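*Asks:* Predicted structure and sequence below. I'll ask about it afterward.
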Amino acid sequence: MDTFDTGRLIYLVLLLLMVVGWAVASRRTSWNKTLQYAAVWGLIILGAVAAVGLWDDIARSSMPYQASVVGENSISVPRSRDGHYYLTLKVNDADVRFVVDTGATDIVLTREDAARAGVDVDALDFLGRASTANGEVATASVRLDRIALGPVEDRNVRAVVTGGEMFGSLLGMGYLQHWGNISIARDTLTLTR
């Protein structure tokens, strides 16, 4: 605890003692009512302390986890409760939700997301191999006609469709390297071109 926190604590204790002293002095005849008021105020103070302590979690749970356009070529993404950054990109004509994964080499689409984006997944040859945390999986290379994040659009983008099971698509370095600057500060990921 630094000196600023210690000073605040001493101030709050003195303030509490003054309030309690006033309450006792003004209600000498009715101790029952004084104890009831003290219990009510104690619960109010406890609730306020809990709300202040949990404010970041409360604000984060009510905050939408979608990117916002900060500038002409800059996108800002808040960190979600699970610690990841999620982006919804327009892939061809479909909205696809990605988890930003700097450990992934490419854009990795699940079979379901690839099909929604217009890729004929039944015609793909899964000849490639990728090493993942869950082991090796088969992959198929594809070219996406168009991929857009806010006002920024790229055409003829390389991606892979995984033959393995995944919980969602990954936005890897194959796409992120197109951005000139990637930074994370105060639980916000910012992409700038």
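*Replies:* That came through, no problem.
*Asks:* give me phi/psi at Gly168?
*Replies:* Main-chain torsions, Gly168, degrees, to the nearest 10: phi -180, psi 170.
*Asks:* ok, now which ones touch the closest residue to it other than its chain neighbours?
*Replies:* Using C-beta to C-beta, 6 or more residues apart in numbering and skipping the chain neighbours, the partner closest in space to Gly168 is Val99 (5.6 Å). In short, each C-beta sits where N, CA and C put it, glycine included. If a contact means C-beta atoms under 8 Å, 6 or more residues apart in numbering, then Val99 has His84, Tyr85, Tyr86, Gly168, Ser169, Leu170, Leu171 as its contacts.
*Asks:* From these, which land in strands?
*Replies:* Per DSSP state E, strands hold the following members of the contacts of Val99: Tyr86, Ser169, Leu170, Leu171.
*Asks:* what's whatever helix or strand Ile184 lives in packed up against?
*Replies:* According to DSSP states H and E, Ile184 maps onto strand 181-185. With contacts taken as 3 or more C-beta pairs under 8 Å, 6 or more residues apart in numbering; DSSP states H and E, strand 181-185 sits against strand 188-192.
*Asks:* which residues touch the strand it packs on?
*Replies:* Under C-beta under 8 Å, 6+ apart, the answer for strand 188-192 is 70-71, 73-79, 85, 100, 149, 176, 179-184.
*Asks:* The same query, at a cut-off of 7 Å, please.
*Replies:* 70, 73-79, 85, 100, 179-183 (C-beta atoms under 7 Å, 6 or more residues apart in numbering).
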